[in-house]
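[1] for reference, the sequence and a predicted model appear below.
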Amino acid sequence: MIDTHSHIYESYYKNRVDDVIKDALDDKVKYIICCGVDKETSYESFHLAEKYNEVFFSGGIFPTESFDNDYSFLDELIKSKKMVAIGECGIDLHYENSNLEDQKNRFETQIKYAISHDLPVIIHSRDAFNETYEIIKKYKGKLRGVIHCFSYGFQELSKFLELGLYIGIDGPITYKNNDKLREIIKKIPLNRLLLETDSPYLTPVPYRKLMNETKYIKNIYLYVSIALSVDFNNFVDIIRRNALALFSKIK
């Protein structure tokens, strides 16, 4: 199994990160992608990837993080063979006073970095479908990427798929009140589906009262494979092929 989106550097883990990774590997997780959201966490993700053969990383700037517009850290990190994507980046208009123009400029700059270095983009889009779509559309045929933690409807799904993007599904698929998402996943082509924990956030059932860990990706695999009536072992292989196709630097 592959957890294609985690934040295992977070302070929630304190001094447990080694155990968190070991527990995941012991539970048949083969690879973990650790995603940076600013300069500091991008470097922390890089260092974890350097320490563990099974950990790869992405580097980027989250839409609502403070940032000084100095992208030189990406130039340095891109030299690493274990950097598999740019991001987590995108557009987030969930909160008041979101500076849309700054977010759009930031997102587009990171897309250009990704294209110029033949890397995919891990895209965060929250309450901002139109804004996200209009930017991505300009790079159709050039941009590879995944819509992380998909939270929109059928129409939005269709438009993202038309752009050739992968769709990331997380723990909320297991939540009791999320029937809409359970219907939506049936419309995602199997060859465009990725699974993520987003740990330490979005803990899946039956562990919702606990902090999320990458080992819980197995529960998401099990839940989605049952929902789609796909044999579990075959399903694991499908998601593995998808992940390796998008994050092609994983060997």
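    Yep, it's here.

[2] got the buried residues for stretch 65-73?
    Under the neighbour-count criterion of 16 or more other CB atoms under 10 Å, stretch 65-73 has 65, 71, 73 buried. (Each C-beta comes from the backbone N, C-alpha and C, glycine too.)

[3] all helices of the stretch 51-200 of the chain, in order?
    Ranges of helices in the stretch 51-200 of the chain, per DSSP state H, counting those that start in this stretch, are 72-77, 100-116, 129-137, 154-162, 179-184.

[4] need those helices in JSON lines (columns: distance to I91 and mean pLDDT).
    Below are the helices of the stretch 51-200 of the chain laid out as JSON lines (distance: least, CB to CB, whole Å; pLDDT from 0 to 100):
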{"stretch": "helix 72-77", "distance to I91": "19", "mean pLDDT": "96"}
{"stretch": "helix 100-116", "distance to I91": "5", "mean pLDDT": "96"}
{"stretch": "helix 129-137", "distance to I91": "5", "mean pLDDT": "98"}
{"stretch": "helix 154-162", "distance to I91": "13", "mean pLDDT": "98"}
{"stretch": "helix 179-184", "distance to I91": "20", "mean pLDDT": "95"}
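
[5] put together CSV for those helices, with distance to D18 on each row.
    As requested, the helices of the stretch 51-200 of the chain are exported to CSV (distance: least, CB to CB, whole Å):
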stretch, distance to D18
helix 72-77, 22
helix 100-116, 30
helix 129-137, 36
helix 154-162, 36
helix 179-184, 33
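
[6] against G36, how distant is the closest residue to D38 other than its chain neighbours?
    Closest residue to D38 apart from its sequence neighbours, by CB to CB, 6 or more residues apart in numbering: E65 at 4.6 Å. For E65, the distance to G36 (CB to CB, to the nearest Å) stands at 10 Å.

[7] do Y207 as well
    Y207 is 25 Å from G36, by CB to CB.
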